[in-house]
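1. sequence and predicted structure are below.
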Amino acid sequence: MSMLNTITNYAADYFPMLLRKDNPKFVTETGKPVYGIVAEFDETPKVFKAAQKVRDAGYSKWDLHSPFPIHDIEEAMGFKPTKLPLMAGGAAIVGVTIAVLLQWGTSAYLYPTVVQGKPFEAWQPFVPIMFELGVLLTAFMCLFGMLALNGLPRWHHPLFTHDRFARVSNDRFFIVIEACDPSFEPTKVKKLLEEAGGQHITLVADSD
Amino acid sequence: MTDMHPDQAVAYQASGAVSAQPVPRAKPVIPGTRDDGTLIEDPGKRAPLVLGDRSFNDVTNIVCGYAEAPIPKIWLTAFTIASTIAALGTGMILYLLITGVGVWGLNNQVDWAWDITNFVFWIGIGHAGTLISAILCLLKQNWRTAVNRAAEAMTIFAVVCAGIFPGIHVGRVWFAWFLAPVPNSNGIWPNFRSPLLWDVFAVSTYATVSLLFWYMGMIPDMATLRDRAALRRHKGVSRMFAIPMPIGDGLAVPFAPRPDTIRMFIYGALSLGWRFSSRHWHRYEKAYLMLAGISTPLVLSVHSIVSFDFATSIIPGWHTTIFPPYFVAGAVFGGFAMVLLLMIPLRVVLPNFSDLLTKRHLENMAKIILLTGTMVGFAYSMEFFIAWYGGNEYEFSAFANNRVNPAKAPYWWAYWTMITCNVLFPQLFWFRKLRQNPLVIWIVALAVTIGMWFERFVIIVTSIHRAFLPGEWHMFFPTWVDILTFVGSCGIFMTLFLLFLKFLPVFALSELKIVMPQSHTDDHH
């Protein structure tokens, strides 16, 4: 299901006209739909504790942005492990299969050619290329599978309109609770983020 | 700067208007002293990986500052020299293509010489990057974060240089597509039982995977460069576009787009809209770990397969089972030597980098050189021992009469250069004082690089210059084209490396931040 969502979101980035959108629940003063509420943090321990608070408050559509992957953040934010290893394993099997078909198929069945009197069906000389192609396809899946699951490349995002957000790539941490969360309520969210120690709590408008 | 808006202050720092060392270090290290505080021998204490009580902002400024500063004169000089040499090498390749392989010193007996020597030399150098990123990552060796980016870049550029030689040595390069797994016009497929074809797959897979690994590591750091460029443009502190001049300031071009505009678009496109989300980081780290996991056997397989090119033939001196581990150890050895050869001068030219690349890093790499150098030395002696113990007189003769004995072997000097550089020089690192001295490390690294080139020359040329019959004995003499092609490949390598140094993040920013104490999630560290 999440995979389908990812694909739909990805398509929506490029073909927004295909998607029927409900009227937004919350709009800014200028009438734009609200993307979410952002809070800034300046230290790792603070943002880590804040993440645990937001998790315990029961939000699901929220995210934490940090200049580096924070250790054990999966647990603090409470999300499930990724399916990427399974996908990579699948890619490895496909790679090895291609190598087997390519080598056995051509050298033993389609175009058997005598070279130095070696047997046609011997499997030993085919091992190196089986290994290499398996690794190659796994590597492709690692990078492109990771990007696809992340919904990247995506060069625009509502958060980029937030002025202070540029510092996420330097030394600041941000927690954003999105307006599409079922229990999103601006005053409550603001209060929660304030209690968690967030600074510069801002409403961010959706980009379209 | 106190009454300035904080964003404005950051923008100014990012613009290079403030010096690249923005915060005076809390514990200054006196330049010229031997110990920078990282050479602790107490196992209960961890040496700091980033010196000078740096904040995240300082580290970002140090690493990005160099990529964003106006082009330094020393870089421009080095780049001019390197690219001229690269152009010379390209000219030699063109000359070869136009005229034919006769411009090299090859003959009927020695049909592989400098071309394949250079290929194995470069591909061997290309092993350190993936070793540092993959194997040291799996072993949780945090010190790798300071060198992995540069080492990975070096890997890719070395593989680029390596890839040139098999491509051009085939003689009629327009038939180089025979290497690809497609049938030729007679319906004959390439021979999948040949190690030469395995080599094509191994090297091209290695090049691709290294590139993916390198690029993936750079995505967040290029996003940092993108954000800084955008910030400067927003705050109106962007520099004008200026053509660098050999003397004085650059020549400002009024109507050209500002460098920050170009940066914003290029880094912006390359960073794929990375927004540092923890959900993304989670998958990113998993992908990185898996890439490290598959690169580890890959890096071991590549040089093993390169060694099969020799080991599966029945030429005395080549036909030995020790080749795969011996080649892999040699590759790691030569690769680390090249990393040190490049990074030590960098610490001198860019002083702030020595806070990130400490003496502890150099010492650790020196220890790896010592380990792998000793392994290579063991392989040399074991190879010689088996040549005698195996009782095959041709095999023994390939060693004793073609390589070792100065009275009989015309290439004895190449063999003994190899032994001196690869086996004797690294032994200096048994002494702590010597392996902690950057100058000594650099000299040994240079010796090892030379020695590793000679190792491949010895393996290839001394084995084939004398076949079973004395009538088939020929010496190999390189022509000027041979020599300048190799020199040119060094130029190509340096040109690419200098471009990397100037325009890409040289240190893995997000990984450096992980090893800093501020990244810990508990208050008491």
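-> Right, received. Where do you want to start?

2. switch to C-alpha atoms for all contacts and neighbour counts from now on
-> Fine.

3. give me every residue that touches the most centrally placed residue in chain A.
-> Centroid-nearest residue in chain A: A:Asn150, 2.1 Å away (criterion: CA atoms, centre = their mean). By CA atoms under 8 Å, 6 or more residues apart in numbering or on different chains, the contact set of A:Asn150 is A:6, B:279-280, B:283.

4. now do A:Val135
-> So A:Val135 contacts A:92, A:95, B:205, B:294-295, B:298 (CA under 8 Å, 6+ apart).

5. elements contacting the top helix by length along chain B?
-> Scanning chain B for the helix with the most residues, using DSSP state H, yields helix B:195-235. Under the contact criterion of 3 or more CA pairs under 8 Å, 6 or more residues apart in numbering or on different chains; DSSP states H and E, helix B:195-235 touches helix A:127-140, helix B:6-15, helix B:148-169, helix B:259-270, helix B:278-311, helix B:509-514.

6. next, the buried residues of the longest one.
-> Within helix B:278-311, the residues that qualify as buried by neighbour count (16 or more other CA atoms under 10 Å in any protein chain shown) are B:278-284, B:286-311.

7. next secondary structure after it?
-> Next helix or strand after helix B:278-311 toward the C-terminus (DSSP states H and E): helix B:323-349.

8. which helices and strands does that following helix pack with?
-> Right, helix B:323-349 is packed against helix B:114-125, helix B:127-130, helix B:148-169, helix B:278-311, helix B:359-389, helix B:438-457 by 3+ CA pairs under 8 Å, 6+ apart.

9. sorry, back to before: partner strands of the helix or strand that the longest helix of chain B is followed by, with direction?
-> Downstream of helix B:195-235, the first helix or strand assigned by DSSP H and E is strand B:242-243. Strand B:242-243 pairs in its sheet with strand B:251-252 (antiparallel), by DSSP bridges.

10. what's the average pLDDT for the strand it pairs with?
-> In this model, strand B:251-252 has an average pLDDT of 80.

11. got the contact list for it?
-> The contact list for strand B:251-252, computed with CA under 8 Å, 6+ apart, reads B:240-245.

12. what's the domain layout of chain B?
-> B:1-61, B:69-230+B:255-511 (automatic domain parsing).

13. oops, could you answer that again for chain A instead?
-> Split by automatic domain parsing, chain A gives A:2-79+A:151-205, A:84-150.

14. which one of the ones you listed has the poorest average confidence?
-> Minimum mean pLDDT among the domains of chain A: domain A:2-79+A:151-205, a mean of 83.

15. is it anywhere near chain B?
-> Yes - using CA under 8 Å from any CA of the partner chain, domain A:2-79+A:151-205 reaches chain B at A:43-46, A:48, A:63-71, A:73-74, A:152-156, A:164, A:166-171.

16. phi, psi for A:Phe68 please.
-> Backbone torsions for A:Phe68, taken as degrees, to the nearest 10, come to phi -150, psi 160.

17. near it, how many residues? Count them for me, please.
-> As a burial measure, A:Phe68 scores 23 neighbours (other CA atoms under 10 Å in any protein chain shown).

18. got a pLDDT number for the residue nearest to B:Leu346 when sequence neighbours are not counted?
-> Nearest in space to B:Leu346, with sequence neighbours left out and distances taken as CA to CA, 6 or more residues apart in numbering or on different chains, is B:Phe353 at 7.6 Å. pLDDT for B:Phe353: 73.

19. ok, now B:Asp3?
-> Looking at B:Asp3, its pLDDT stands at 47.

20. and the domains of chain A: which comes nearest B:Leu446?
-> domain A:84-150 (32.4 Å; CA to CA).

21. enumerate every residue touching B:Val306.
-> B:Val306 is in contact with B:120, B:195, B:199, counting by CA under 8 Å, 6+ apart.

22. hang on, the last one packs against B:Ser304?
-> In this case it means B:Asp199. No - in this structure, B:Asp199 is not within contact of B:Ser304 by CA atoms under 8 Å, at 9.4 Å.

23. hmm, back to that, any idea how far the residue nearest to the centre of chain A lies from A:Gly90?
-> According to CA to CA, to the nearest Å, A:Asn150 stands 19 Å off from A:Gly90.

24. cool, B:Ser307 as well?
-> 30 Å.

25. try A:Leu133
-> 13 Å.

26. neighbour count: the two, which is higher?
-> Higher neighbour count among A:Leu133 and A:Gly90: A:Leu133, with 24 against 15, using other CA under 10 Å.

27. without its sequence neighbours, what residue ends up closest to the more buried one?
-> Per CA to CA, 6+ apart, closest to A:Leu133 is A:Gly95, 5.0 Å.

28. what of B:Ile125?
-> Spatial nearest neighbour of B:Ile125, excluding adjacent residues (CA to CA, 6+ apart): B:Gly335 at 3.9 Å.

29. and what of B:Thr155?
-> In space, B:Thr155 is closest to B:Gly126, 3.9 Å off (CA to CA, 6+ apart).

30. does the one you found really touch B:Met154, like I thought?
-> Yes - between B:Gly126 and B:Met154 there is a contact at 6.7 Å, judged by CA under 8 Å.

31. so the two - more neighbours on which side?
-> Ranked by neighbour count (other CA under 10 Å), B:Gly126 and B:Met154 place B:Gly126 first, with 35 against 27.

32. how much space between that one and B:Glu393?
-> For B:Gly126, the distance to B:Glu393 - CA to CA - is 36 Å.

33. near chain A, which residues of the stretch 301-450 of chain B are found?
-> Residues of the stretch 301-450 of chain B lying near chain A by CA under 8 Å from any CA: B:Ile305.

34. so where's the stretch 301-450 of chain B uncertain?
-> Along the stretch 301-450 of chain B, segments meeting pLDDT under 70 span B:351-352.

35. count of residues packed around B:Thr417?
-> Around B:Thr417 there are 18 residues (other CA under 10 Å).

36. look up how far chain A lies from it.
-> Distance, B:Thr417 to chain A, by CA to the nearest CA, to the nearest Å: 34 Å.

37. okay, the residue nearest the centre of chain B: pLDDT?
-> Nearest residue to the geometric centre of chain B (CA atoms, centre = their mean): B:Met154, 2.8 Å. If you check B:Met154, the pLDDT there is 90.

38. surely it touches B:Phe497?
-> Yes - taking contacts as CA under 8 Å, B:Met154 lies within contact range of B:Phe497: 6.7 Å.

39. and the top helix by length along chain A, what does it pack onto?
-> For chain A, the longest helix by residue count, based on DSSP H, is helix A:84-100. Packed against helix A:84-100, as judged by 3+ CA pairs under 8 Å, 6+ apart, are the following elements: helix A:127-140, helix B:278-311.

40. returning to what we had before: tell me which of the domains of chain B sits most buried.
-> domain B:69-230+B:255-511 (a mean of 20; mean count of other CA atoms under 10 Å in any protein chain shown).

41. can you get me the start-to-end distance on it?
-> Using CA to CA, one end of domain B:69-230+B:255-511 lies 23 Å from the other.

42. show me where chain A has its helices.
-> Taking DSSP H as the criterion, chain A carries its helices at A:2-14, A:44-56, A:73-77, A:84-100, A:127-140, A:146-150, A:186-195.

43. now the ones you listed in CSV, with distance to A:Phe26?
-> Below are the helices of chain A laid out as CSV (distance: least, CA to CA, whole Å):
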stretch, distance to A:Phe26
helix A:2-14, 20
helix A:44-56, 20
helix A:73-77, 25
helix A:84-100, 34
helix A:127-140, 40
helix A:146-150, 26
helix A:186-195, 9
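
44. just these: most buried one?
-> helix A:127-140 (a mean of 24).

45. and the angle from it to helix B:195-235?
-> Orientation note: helix A:127-140 sits at an angle of 10 degrees relative to helix B:195-235 (axes from the mean of the first three to the mean of the last three CA atoms, to 10 degrees).

46. run the chain-centre distance for helix A:127-140.
-> Distance of helix A:127-140 from its chain centroid, counting by CA atoms, centre = their mean, to the nearest Å, is 25 Å.

47. ok and it relative to helix A:84-100, angle-wise?
-> Helix A:127-140 and helix A:84-100 meet at an angle of 140 degrees, taking the same axes, to 10 degrees as the criterion.
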